[in-house]
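[1] sequence? don't have it. structure:
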């Protein structure tokens with residue numbers, strides 16, 4: 001290997017990991033920053049770099065799965081979202097096994113798959129790549145509305161009422177890096193990982209699972225292989241009908257000025273939060289989210305799995 005080819009390969013690896021880090025921030029934003037909706041303590045802020053690193057590794061694994069199984073369309077990316085959700089909730093932490101069977105869905109299928117990956121990254125990336133200003137604005141408004149409604153649940157759940165000014169600083173502070181994250185992803189730096197990268201990451205996940213997850217939650221030894229196995233099996237069937245993944249289309253060039261439409265997310269969230277704060281009410285909005293998204297996660301997973309079976313039949317015929 002010449003020095004030039006080595007440097008070229010190293011540059012591709014660096015760009016690939018930068019793209020995964022950008023997606024990792026998008027995932028952190030919706031899965032952690034939106035979920036907690038405020039800085040709980042001063043230490044909470046110090047935890048974000050490590051959290052972003054963990055989510056970046058999970059993002060890399062999710063993108064690698066999407067690439068290997070040629071994911072294309074909402075049903076395939078929902079299954080990728082399930083893999084991502086269970087990586088976070090079933091391996092990094094053990095909430096997937098805490099309140100079975102509902103914990104299988106919330107938050108892996110009920111939040112991470114449809115909200116974080118489905119709306120926050122997949123659909124937003126698609127609209128940005130299509131340079132659809134109207135759809136980008138509409139999605140941003142919808143995500144901001146959800147953010148604002150969800151955030152007030154902590155008034156009821158933990159009696160933690162933050163002023164609109166505090167919420168505004170938090171939301172815009174989290175949202176500004178989101179613009180940079182989308183911009184980096186749309187530079188098309190992501191390429192298919194090498195087998196060495198995939199092997200090292202898979203080995204690392206296996207070690208964490210065996211040494212950390214299983215001792216903490218023995219049920220994981222049985223349930224996790226079933227969950228991940230079913231998702232990967234369905235992705236394999238869906239990928240059999242495709243020639244390539246849909247990741248390249250999601251990373252198409254986005255107009256710089258269009259990226260700033262995502263600021264409608266914090267602007268809408270702050271507006272909703274301020275309006276509810278002015279009423280003095282403490283609505284338990286999280287219960288509405290739980291009641292809707294928990295069964296919805298199961299339904300969407302079942303639908304995606306059924307689509308995989310249907311695609312397989314058409315391929316065989």
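    Structure's in. What do you need? Note that the structure is a prediction, hence the values are computed from the model and not measured. Numbers count the residues shown, from 1 in each chain.
[2] residue 229 and residue 64: what is the separation?
    Separation of residue 229 from residue 64 (CB to CB, to the nearest Å) stands at 17 Å. Backbone N, C-alpha and C define where each C-beta goes, glycine included.
[3] compare these two (neighbour count), which wins?
    residue 64 (20 against 10; other CB atoms under 10 Å).
[4] so where's the stretch 151-300 of the chain uncertain?
    Low-confidence segments of the stretch 151-300 of the chain (pLDDT under 70): none present.
[5] mind listing the strands for it?
    With DSSP state E, counting those that start in this stretch applied, the stretch 151-300 of the chain shows no strands anywhere along its length.
[6] could you pull out the helices for it?
    Assigned by DSSP state H, counting those that start in this stretch, the stretch 151-300 of the chain shows helices spanning 153-157, 164-185, 195-208, 214-216, 220-239, 247-250, 256-259, 264-279, 285-316.
[7] for residue 243, phi and psi?
    Taking degrees, to the nearest 10, you get phi -100, psi -20 for the backbone angles of residue 243.
[8] what residues are up against the nearest residue to it once chain neighbours are set aside?
    Counting by CB to CB, 6 or more residues apart in numbering, residue 243 lies nearest to residue 70, which is 7.1 Å off, once chain neighbours are set aside. Going by CB atoms under 8 Å, 6 or more residues apart in numbering, residue 70 touches 238-239, 242-245.
[9] go with 10 Å
    76, 235-236, 238-247 (CB atoms under 10 Å, 6 or more residues apart in numbering).
[10] how about it, secondary structure?
    Following DSSP: H, G, I helix; E, B strand; the rest coil, we place residue 70 in the coil state.
[11] circling back: buried only: go through the contacts of residue 70 for me.
    76, 235, 238-239, 245-247 (16 or more other CB atoms under 10 Å).
[12] between these, which is nearest residue 137?
    Residue 137 lies nearest to residue 246 out of the buried ones among the contacts of residue 70, by CB to CB, at 23.0 Å.
[13] what sits against that closest one?
    Residue 246 neighbours (CB under 10 Å, 6+ apart): 66-67, 70-74, 76-77, 122, 126.
[14] for residue 82, what are phi and psi?
    phi -70, psi -40.
[15] can you get me a residue count around it?
    Quick note: residue 82 (other CB under 10 Å) scores 31 neighbours.
[16] that one is in contact with residue 233, isn't it?
    No - look at residue 82 against residue 233 with CB atoms under 10 Å: they stay out of range, at 11.9 Å.
[17] list residues touching both of these two?
    In terms of CB under 10 Å, 6+ apart, residue 82 and residue 233 are both contacted by the residues residue 305.
[18] ends of stretch 236-248, what's the gap?
    Here the two ends of stretch 236-248 are set 19 Å apart, with distance taken as CA to CA, to the nearest Å.
[19] cool, and stretch 33-52?
    End residues of stretch 33-52 are separated by 11 Å (CA to CA).
[20] with stretch 144-158 instead?
    22 Å.
[21] all strands for the stretch 1-150 of the chain, in order.
    Under DSSP E, counting those that start in this stretch, the stretch 1-150 of the chain gives no strands.
[22] ok, residue 307 to residue 208 distance?
    Residue 307 is 31 Å from residue 208, where distance means CB to CB.
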